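Enquirer: kindly return the folded structure for what I paste below:
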Amino acid sequence: MTEKNTQTMELHPLCTYFPRMSDAEFDSLKDNLLDNGQTHPIYSLDGMILDGGNRYRALCELGIAPVIIEYTGSNPTQFILSSNLHRRHLTQGQSAAIVSASQSWVNAQAAGNPQLRDTAQLDTATARAKQSGVGHRTQQLADKLVKEAPAELVKEVIDGKKSLNKAIKEISPPKPVAPKPEPVQVVEQEAEENHEDQLSSIIDEQQGAIKALEADNDVMLKVFESDDRVLASIEEVKKLTELNRDLNERINALMDEKNEAVKAAEYWKDQFLKLEAELKELQNI
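Expert: All right, here's what the predicted structure looks like:
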């Protein structure tokens, strides 16, 4: 075997839009070239490799002089896309991105290159989708990627390191967050507040009645201190005292009712919050 050749020709920009072979694929290519020789020519354009970049590099590493033919056709973009798109294992996202990136390069270079200006035929998404063999929507996403994304991200999609959809998500603005709804007025809370007001009103009235009875008791004791009806007055005081005790028991019962009402209101409030949380989870699924 002769000494390895030094690779001197660069890859044409259109050739660089196709992903390079993996190490295993490249080793297999070299084995095939050793066994069978170069069975397909390598095409050049403007002193650069237009098609056959992997074969050119493999032959140089093997020390075999490559057979290179100058491309003389009128549409280098169509030539390299047709030669490579459908003979490689590419995803639809890769194919669409390659076609879109190639056409973007052609558009940028066409102003100073009559050959490219006259052959820019993929000027619509429909034409590009037909060339790449993907759906119209997929091609539109690839066009958006090439137009808006940094070159590094486009290269990741072309090389198969990142899917087209994932790359589109990275350059798409985040969805606006819906404003948080106003708190819902809870019926149980209103009932609790109304019940508290009623209890407070009853307690205030009974406390006033107790104070009035106590004042009456004091007055009656003074009036009947020297009277023969002292005993009767004492009996009356006992009755009033018993009434006072009954009133206090009633107040305590009302307070217990209030506490039970508060507990019930808190329970139904918790139930409402749980149902509201479950509803939000269902809406987010």
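Enquirer: ok so Ala277 is a helix residue?
Expert: Yes. Ala277: assigned to a helix according to DSSP: H, G, I helix; E, B strand; the rest coil.
Enquirer: and the pLDDT at it?
Expert: Ala277 is assigned 79 on the pLDDT scale.
Enquirer: counting neighbours, what do you get for it?
Expert: 10 (other C-beta atoms under 10 Å). All C-beta atoms are positioned from the backbone trio N, CA, C, and that covers glycine.
Enquirer: then Leu145?
Expert: Count around Leu145 with other C-beta under 10 Å applied: 23.
Enquirer: same check, this time on the one 10 residues further on
Expert: Counted with other C-beta under 10 Å, the burial measure for Lys155 works out to 17 neighbours.
Enquirer: any stretches of the stretch 51-200 of the chain with poor pLDDT?
Expert: 87, 111-121, 175-200 (pLDDT under 70).
Enquirer: which stretches in the stretch 1-150 of the chain count as helices?
Expert: Under the criterion DSSP state H, counting those that start in this stretch, the stretch 1-150 of the chain contains helices at 13-16, 23-36, 53-62, 76-84, 92-109, 114-118, 125-132, 136-148.
Enquirer: deepest of those, which one?
Expert: Scoring these by mean neighbour count under mean count of other C-beta atoms under 10 Å gives helix 92-109 as the most buried, with a mean of 22.
Enquirer: what does that helix contact?
Expert: 13-14, 17-19, 77, 80-81, 85, 90, 116, 119-120, 122-123, 128-129, 131-135, 138-139, 141-143, 145-147, 154, 157-160, 163-165 (C-beta atoms under 8 Å, 6 or more residues apart in numbering).
Enquirer: verify the contact between Val157 and Asn165 for me.
Expert: No. Counting by C-beta atoms under 8 Å, Val157 does not reach Asn165; the two are 9.7 Å apart.
Enquirer: which elements pack onto the helix or strand containing Asn252?
Expert: Assigned by DSSP states H and E, Asn252 falls within helix 230-284. Under the contact criterion of 3 or more C-beta pairs under 8 Å, 6 or more residues apart in numbering; DSSP states H and E, helix 230-284 touches helix 187-223.
Enquirer: pLDDT wise, what is the closest residue to Asp46 other than its chain neighbours at?
Expert: Here the nearest residue to Asp46 in space, its sequence neighbours aside, is His12; by C-beta to C-beta, 6 or more residues apart in numbering that works out to 7.1 Å. His12 is assigned 93 on the pLDDT scale.
Enquirer: who's in contact with His12?
Expert: When contacts are counted by C-beta under 8 Å, 6+ apart, His12 touches Ser44, Leu45, Asp46, Met48, Ile49, Leu50, Pro76, Ile80.
Enquirer: quick revisit: in JSON lines, list the helices of the stretch 1-150 of the chain along with distance to Leu240.
Expert: Shown next, in JSON lines, are the helices of the stretch 1-150 of the chain (distance: least, C-beta to C-beta, whole Å):
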{"stretch": "helix 13-16", "distance to Leu240": "108"}
{"stretch": "helix 23-36", "distance to Leu240": "107"}
{"stretch": "helix 53-62", "distance to Leu240": "113"}
{"stretch": "helix 76-84", "distance to Leu240": "109"}
{"stretch": "helix 92-109", "distance to Leu240": "94"}
{"stretch": "helix 114-118", "distance to Leu240": "114"}
{"stretch": "helix 125-132", "distance to Leu240": "98"}
{"stretch": "helix 136-148", "distance to Leu240": "91"}
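Enquirer: how about these, which one is nearest Lys238?
Expert: Nearest of the helices of the stretch 1-150 of the chain to Lys238, taken as C-beta to C-beta: helix 136-148 at 95.0 Å.
Enquirer: and the closest one, C-alpha only, in PDB?
Expert: Provided in PDB are the C-alpha atoms of helix 136-148 (Å, rounded to 0.1, in the frame of the first residue of the first chain):
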ATOM      1  CA  HIS A 136     -45.800  20.500   4.000                       C
ATOM      2  CA  ARG A 137     -46.100  21.200   7.800                       C
ATOM      3  CA  THR A 138     -42.700  19.500   8.500                       C
ATOM      4  CA  GLN A 139     -41.000  21.500   5.800                       C
ATOM      5  CA  GLN A 140     -42.500  24.800   7.100                       C
ATOM      6  CA  LEU A 141     -41.100  23.900  10.600                       C
ATOM      7  CA  ALA A 142     -37.600  23.200   9.000                       C
ATOM      8  CA  ASP A 143     -37.800  26.600   7.100                       C
ATOM      9  CA  LYS A 144     -38.600  28.300  10.400                       C
ATOM     10  CA  LEU A 145     -35.700  26.600  12.100                       C
ATOM     11  CA  VAL A 146     -33.200  27.600   9.400                       C
ATOM     12  CA  LYS A 147     -34.500  31.200   9.400                       C
ATOM     13  CA  GLU A 148     -34.600  31.800  13.100                       C
END
